[in-house]
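>>> The amino acid sequence is not available; the structure is as follows:
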């Protein structure tokens with residue numbers, strides 16, 4: 001049987017403008033094909049451009065370079081054969097379930113009677129029969145997402161795009177909805193011929209996909225690809241599935257080690273990226289790793305299960321541990337370094353001292369803040385110059401978040417202090433005395 005190409009991307013690149021008008025590359029030279037009859041999952045850390053790629057395929061935003069096609073037709077705007085399910089449900093609260101589901105059909109010019117008939121049939125198929133007259137506020141999160149999926153499927157799309165479609169749901173609800181979608185797919189009860197999923201959940205990707213694409217970050221490029229030939233439904237506890245999950249974790253944790261740079265004016269964006277996590281999360285993961293049953297070394301899937309943290313929460317925490325030299329991450333395993341083992345048994349004062357030293361050694365933004373404060377006679381500076389410098393490389397909201405993380409980490413490590421009312425950074429009082 002000859003399979004047809006549903007989606008084809010060739011050399012797709014995308015940039016956005018930072019506050020000073022400079023381009024920031026989000027995707028670079030992406031080649032990708034979605035074939036009929038397959039489910040593909042896109043994985044990648046923050047900044048890998050997963051959602052941007054999905055929006056280019058959906059026709060919501062254009063690519064800057066390269067070619068994006070649906071069945072050899074250029075994608076310049078939303079197409080009838082491609083539908084998308086969003087993480088945030090994206091329902092109109094003033095419309096009933098029935099009216100929300102009919103929206104796509106109405107946009108296509110389908111007659112009212114036919115819209116009603118097709119919406120009724122889809123609501124029954126998706127498990128919402130009898131809820132057509134309800135308003136979104138009357139539904140649970142899982143039911144709201146079923147409405148979002150019904151609205152996408154009722155247009156009979158060739159391609160279904162799912163952007164973190166299950167991440168806003170509790171674990172059990174998300175798994176149930178995921179299994180229901182797979183049942184509809186396996187039994188050919190929906191006309192969809194290809195599904196593309198963006199996910200943060202590695203187990204979810206392994207359970208659903210025929211292929212997993214892993215994107216690198218800043219800019220997003222296809223770094224790895226894994227084909228999965230296991231029949232569905234898959235047993236999450238089987239050796240084959242667990243082995244695949246370990247393999248994906250290993251690929252996700254590959255990282256390029258950059259030498260420390262201590263002048264922010266000469267740092268590329270990737271050098272001052274900070275994992276989006278706080279000190280409490282970092283220390284909680286470190287303590288869990290140090291205690292039984294891990295005793296300083298763990299398989300990341302097992303650590304995720306034991307911590308009850310999602311992959312989205314866990315990845316930044318172990319990335320921070322590795323960045324600060326407190327742990328080593330390799331091929332899906334994490335182990336405390338000798339310094340991390342010392343940190344685990346230290347009292348708070350020693351922990352803060354170690355944290356501060358490692359921060360100055362390994363985090364260029366923190367080192368630059370400290371250096372500039374030491375150069376000031378007053379030992380104080382407003383945060384504004386650092387925000388402006390960061391905004392040369394990233395969007396304003398991202399720059400704000402990066403600085404917030406650097407401030408929290410620096411305050412904990414007593415590298416500098418910060419006044420939230422005035423936005424002033426200062427040297428620690430103990431240094432000024």
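Great, that's in hand. Note that the structure is predicted; figures quoted are calculated from it, not measured. Numbers count the residues shown, from 1 in each chain.

>>> bridging residues for the nearest residue to residue 5 once chain neighbours are set aside?
Nearest in space to residue 5, with sequence neighbours left out and distances taken as C-beta to C-beta, 6 or more residues apart in numbering, is residue 33 at 5.6 Å. Placement of C-beta: from N, CA and C, glycine included. Beta bridges link residue 33 to residue 8 when assigned by DSSP bridges.

>>> Could you report the distance from residue 33 to residue 214?
For residue 33, the distance to residue 214 (C-beta to C-beta, to the nearest Å) stands at 16 Å.

>>> just residue 181 next, same as before
From residue 181 to residue 214 the distance is 22 Å (C-beta to C-beta).

>>> Could you measure from residue 354 over to residue 339?
7 Å.

>>> Next: residue 378.
34 Å.

>>> Who has more neighbours out of residue 354 and residue 339?
Using other C-beta atoms under 10 Å, the more surrounded residue of residue 354 and residue 339 is residue 354, with 19 against 15.

>>> Quick check: phi and psi at that one.
Phi and psi for residue 354, reported as degrees, to the nearest 10, are phi -60, psi -40.

>>> do residue 378 as well
phi -80, psi -10.

>>> quick one: buried residues of the one helix or strand residue 183 maps to?
Secondary structure from DSSP states H and E places residue 183 in helix 171-186. Buried residues in helix 171-186, counted by 16 or more other C-beta atoms under 10 Å: 173, 174, 175, 177, 178, 181, 182, 184, 185.

>>> Show me what it is packed against.
The contact analysis (3 or more C-beta pairs under 8 Å, 6 or more residues apart in numbering; DSSP states H and E) places helix 171-186 against helix 141-153, helix 202-208.

>>> ok now do the residue nearest to residue 5, which residues does it touch?
For residue 33, the contacting residues are 5, 7, 8, 9, by C-beta atoms under 8 Å, 6 or more residues apart in numbering.

>>> Show me the domain layout of this structure.
Domain ranges of the chain: 5-251, 264-432, per automatic domain parsing.

>>> Take the ones you listed and write them to CSV, including mean pLDDT.
Converted to CSV, those look like this (pLDDT from 0 to 100):
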stretch, mean pLDDT
domain 5-251, 85
domain 264-432, 86
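
>>> how about residue 241, secondary structure?
Per DSSP: H, G, I helix; E, B strand; the rest coil, the local secondary structure of residue 241 is helix.

>>> Now for the closest residue to it other than its chain neighbours: which residues touch it?
Nearest residue to residue 241 in three dimensions, chain neighbours excluded: residue 234, at 5.5 Å (C-beta to C-beta, 6+ apart). For residue 234, the contacting residues are 206, 207, 241, by C-beta under 8 Å, 6+ apart.

>>> Please repeat the previous calculation with a cut-off of 10 Å.
Neighbouring residues of residue 234 by C-beta atoms under 10 Å, 6 or more residues apart in numbering: 182, 206, 207, 208, 228, 240, 241, 244.

>>> roughly how far apart are the closest residue to the third one other than its chain neighbours and residue 176?
Distances taken as C-beta to C-beta, 6+ apart place residue 234 nearest to residue 207, at 5.3 Å, with adjacent residues excluded. When C-beta to C-beta is the yardstick, residue 234 and residue 176 sit 15 Å from each other.

>>> can you check residue 221 too?
Residue 221 is 35 Å from residue 176, where distance means C-beta to C-beta.

>>> same deal with residue 236?
13 Å.

>>> what do you get for residue 170?
If you go by C-beta to C-beta, the gap between residue 170 and residue 176 works out to 10 Å.

>>> Next: residue 86.
19 Å.

>>> now do residue 67
For residue 67, the distance to residue 176 - C-beta to C-beta - is 38 Å.

>>> Can you mark which positions in the helix or strand hosting residue 316 are buried?
Following DSSP H and E, one finds residue 316 within helix 311-323. By neighbour count with 16+ other C-beta under 10 Å, helix 311-323 contains the buried residues 311, 313, 314, 315, 316, 317, 318, 319, 320, 321, 322, 323.

>>> Make sure the second one is actually in contact with residue 303.
Spelled out, that is residue 313. No: applying C-beta atoms under 10 Å, one finds residue 313 not in contact with residue 303, separated by 11.6 Å.

>>> thinking again about what came up before, show me how to select, in PyMOL, the buried members of the contacts of residue 33.
Here is the PyMOL command that selects the buried residues among the contacts of residue 33 (16+ other C-beta under 10 Å):
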select buried, resi 7+8+9
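
>>> which of the contacts of residue 33 lies closest to residue 201?
Nearest to residue 201, judged by C-beta to C-beta, of those is residue 7 at 22.2 Å.
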